[in-house]
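*Asks:* I'll drop the sequence and a predicted model, then ask my questions.
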Amino acid sequence: MEFFETGQRYRVDMMRKTMMRRLTGAGVLLLLAAGAWAAKKTGKPLFDGKTWWDHVKVIADDSMEGRETGSLGLRKAEAYAVEQLKRAGLEPAGTDGYYQNIRFVERQIDEKDSYAFLVRNGQADPVALGDQAYFSTRVEGSEQEVDAPLAFAGNGLEVPESSLDETAGLDLKGKVVVYLAGSPARVPGSLAAHYGGLAQRWKGYAAAGAVGIIAIPNPASMDIPWSRMSLNRAHPSMDLADPEFNEIAGLKMAMVFNPSSAEALFEGSGHSFAEIAALGRERKELPHFALAASVRARAAIAKIPVDSANIVARLPGSDPALHNEFVVLSAHIDHVGIGEPVNGDRIYNGAMDDGSGTAAVLDIAASLKLHPEQLKRSVIFLLVTAEEKGLLGSKYFVAHPTVDVKSIVADINMDMFLPIVPLKVLRIQGINDSTLGEHAASVATAFDVKPVPDPEPLRNLFVRSDQYNFIRRGIPAVIMDVFYQPGSPEAQVFRNWLTERYHAPSDDVGQPVDLQAAALYEEIVRRLLVDTANDAQRPQWKPDSFFRRYLTSAQTN
Ligand SMILES: [Zn+2]
């Protein structure tokens, strides 16, 4: 696999050039700062990896039962974390002491009471649930039967920046929108990710009067095969319970259709799914047209209330003017709980995902008590719940922040940073997006670690963990991971880890880890945290960053 594409190399070059320009401009200051880091680096290391690993061993112990959102196991892990944060001398900054309680709703499909038919010329053909299609429980659905004609909208995207509007001219009133997942190649990945989210899609479809959605995975780019996707449908989904978070009001039905059964949707339309799939394979633009069939369906979805909490602690800053500003250090403490046994083990311990980040939050908090450093701004230590359910705990936190959201200057997030090889290369997502990313790169360099941007921007990892919810409120953020040189033996170690241990019971404390790598990672994170708390300037988005769009004028200081 080719990890560094030409475009990516160009971005790295640009970054280097930008830094050179800064060196010749405000160069002296930057050099002095780099020198200061280098000096600190030669000082006594503040971390040994052992205290970090001790926290991981507790958080990922079998007795925590995989820390499923709402479970007793997660509560136990949270009680441990609160105890550690107290011991580190931090103040409670939740709504109930250190806790910020959140109400969730779990949704589970009852297929026995659900059905779907494709109706054409008065003839109703049953859709085999599981085999041919399944209902998404991401939507609340409707108690009533949905009976609506279908319209095919290509990839179903509206991307103004790319002058793409696939629903334009298509009559969607009272209809169900059918689309092929994915995007035309000419639409940049970040835009496709932004506009392809369910809430974003639904805004446009709802405005056009649509009532439902049928998504067909692109057979050329399915992450997992249909059989596994379909098995997952029995798994409950979770959402924030407060109605303010319902971004898909009016969406009565959402289905996912097996691409190998999708031909039935197109019958009689003058087009075939084979033709659509062929264009989709090339990521060409797709035609849009009314379909001949309608769908008659009802999804019986049971709703179960669930309670869980974020943990919020504060280390007050000392500067009279800046102590009311906050740098957030975050990780998610939840994982996926107990599930299908693999090699006789049913507990998905989540030692790396994200026991590693949680332990680093606790360990860095403790180190700031043991080796205090003056902090001008305050620091929020945040352990969120329900990340695995769709970044829900962090979504709640930024909607109901326990400090003024405008006073949050940055989020440094840690999620599965994988100290499984020596730390020589650090992947920094958001490296080119803000002065925070740029600063993170300088810190890494000062510790003799090579900073690299995400070599696989198409996977959109930057929007796949909790930092994204901060970004969406205009707050500069980074997430950093232990990484590798492309083509190196370490690259293989990572590939193996992802196949064998990611979201599997073997992501437990029996796995080999590199304590030195973890310690060095913590040194870098702590330095970035302290520098960000003390910098006279709060971090700024780069003018050309895609994510700058979320910065509202209210937040520009
Ligand atoms: Zn995970």
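*Replies:* Great, that's in hand. Numbers count the residues shown, from 1 in each chain.
*Asks:* surely residue 173 touches residue 206?
*Replies:* No: shown here, residue 173 and residue 206 do not form a contact pair, counting by C-beta atoms under 8 Å, at 11.2 Å. Just so you know, the C-beta spots here come from the backbone N, C-alpha and C atoms, and that holds for glycine as well.
*Asks:* neighbour count winner among the two?
*Replies:* For residue 173 and residue 206, the more surrounded residue by other C-beta atoms under 10 Å is residue 206, and the numbers stand at 15 against 11.
*Asks:* secondary structure element for the more buried one, which one?
*Replies:* helix 198-207 (DSSP states H and E).
*Asks:* which other helices and strands does that helix contact?
*Replies:* Secondary-structure packing of helix 198-207 (3 or more C-beta pairs under 8 Å, 6 or more residues apart in numbering; DSSP states H and E): strand 212-216.
*Asks:* how about the strand it packs on: buried residues?
*Replies:* 212-216 (16 or more other C-beta atoms under 10 Å).
*Asks:* out of these, which comes closest to residue 370?
*Replies:* Comparing those against residue 370 with C-beta to C-beta places residue 215 closest, at 51.1 Å.
*Asks:* correct me if wrong: that closest one contacts residue 259.
*Replies:* No: the criterion here is C-beta under 8 Å, and residue 215 misses it with residue 259 at 10.4 Å.
*Asks:* identify the residues contacting the residue nearest to residue 352 when sequence neighbours are not counted.
*Replies:* Excluding its sequence neighbours, the residue lying closest to residue 352 (C-beta to C-beta, 6 or more residues apart in numbering) is residue 416, at 5.0 Å. Applying C-beta atoms under 8 Å, 6 or more residues apart in numbering to residue 416 gives the contacts 352-354, 356-357, 481.
*Asks:* likewise residue 137?
*Replies:* If you count contacts by C-beta under 8 Å, 6+ apart, residue 137 has them with 107-109, 233, 236-237, 301.
*Asks:* how does it look with 6 Å?
*Replies:* Residue 137 makes contact with 107, 109, 237, 301, according to C-beta atoms under 6 Å, 6 or more residues apart in numbering.
*Asks:* so the first one is in which element?
*Replies:* Yep, that's residue 107 we're talking about. Counting by DSSP H and E, residue 107 is part of strand 99-109.
*Asks:* next SSE after that strand?
*Replies:* Next element after strand 99-109 (DSSP H and E): strand 115-120.
*Asks:* got the buried residues for that next one?
*Replies:* Within strand 115-120, judged by 16+ other C-beta under 10 Å, the buried ones are 115-120.
*Asks:* and for stretch 386-396?
*Replies:* Within stretch 386-396, the residues scored as buried using 16+ other C-beta under 10 Å are 386-389, 391-396.
*Asks:* let me have the residues you listed in JSON lines, extended by secondary structure, pLDDT and distance to residue 311.
*Replies:* Below are those laid out as JSON lines (DSSP: H, G, I helix; E, B strand; the rest coil; pLDDT from 0 to 100; distance: C-beta to C-beta, whole Å):
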{"residue": "386", "secondary structure": "coil", "pLDDT": "97", "distance to residue 311": "13"}
{"residue": "387", "secondary structure": "coil", "pLDDT": "97", "distance to residue 311": "13"}
{"residue": "388", "secondary structure": "coil", "pLDDT": "95", "distance to residue 311": "16"}
{"residue": "389", "secondary structure": "coil", "pLDDT": "94", "distance to residue 311": "17"}
{"residue": "391", "secondary structure": "coil", "pLDDT": "95", "distance to residue 311": "16"}
{"residue": "392", "secondary structure": "helix", "pLDDT": "97", "distance to residue 311": "15"}
{"residue": "393", "secondary structure": "helix", "pLDDT": "98", "distance to residue 311": "10"}
{"residue": "394", "secondary structure": "helix", "pLDDT": "98", "distance to residue 311": "12"}
{"residue": "395", "secondary structure": "helix", "pLDDT": "97", "distance to residue 311": "16"}
{"residue": "396", "secondary structure": "helix", "pLDDT": "98", "distance to residue 311": "13"}
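*Asks:* most widely separated two among those?
*Replies:* 388 and 396 (14.5 Å).
*Asks:* the helices in the stretch 251-400 of the chain, which residues?
*Replies:* 263-266, 273-281, 355-370, 392-399 (DSSP state H, counting those that start in this stretch).
*Asks:* hmm, who's touching the shortest one?
*Replies:* Okay, so that is helix 263-266. With contact meaning C-beta under 6 Å, 6+ apart, helix 263-266 is reached by 118, 178, 272-273.
*Asks:* ok, and the most crowded of those residues?
*Replies:* residue 178 leads the contacts of helix 263-266 on contacts (other C-beta under 10 Å) with 25 neighbours.
*Asks:* low pLDDT regions in the stretch 401-550 of the chain?
*Replies:* 457-460 (pLDDT under 70).
*Asks:* oops, could you answer that again for the stretch 1-150 of the chain instead?
*Replies:* Scanning the stretch 1-150 of the chain for pLDDT under 70 picks out 1-43.
*Asks:* again, only this time at 50
*Replies:* The stretch 1-150 of the chain contains residues with pLDDT under 50 at 1-39, 42.
*Asks:* before we move on, back to that, using TSV, lay out the contacts of helix 263-266 together with distance to residue 200.
*Replies:* Output for the contacts of helix 263-266, formatted as TSV (distance: C-beta to C-beta, whole Å):
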residue	distance to residue 200
118	28
178	18
272	29
273	25
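*Asks:* identify the farthest-apart pair in those.
*Replies:* Farthest pair in the contacts of helix 263-266 (C-beta to C-beta) is 118 and 272. Separation: 15.4 Å.
*Asks:* tell me the contacts of residue 109?
*Replies:* Contacts of residue 109 (C-beta under 6 Å, 6+ apart): 135, 137, 301.
*Asks:* could you check how far it is from residue 377?
*Replies:* Per C-beta to C-beta, to the nearest Å, residue 109 is found 46 Å from residue 377.
*Asks:* so which of the contacts of helix 263-266 is the closest to residue 532?
*Replies:* Among those, and counting by C-beta to C-beta, the member closest to residue 532 is residue 178, at 46.5 Å.
*Asks:* which one of the buried residues of stretch 386-396 is nearest residue 424?
*Replies:* Proximity of these to residue 424 (C-beta to C-beta) peaks at residue 387, which lies at 27.9 Å.
*Asks:* buried stuff in the strand holding residue 107?
*Replies:* 99-100, 102, 104-107, 109.
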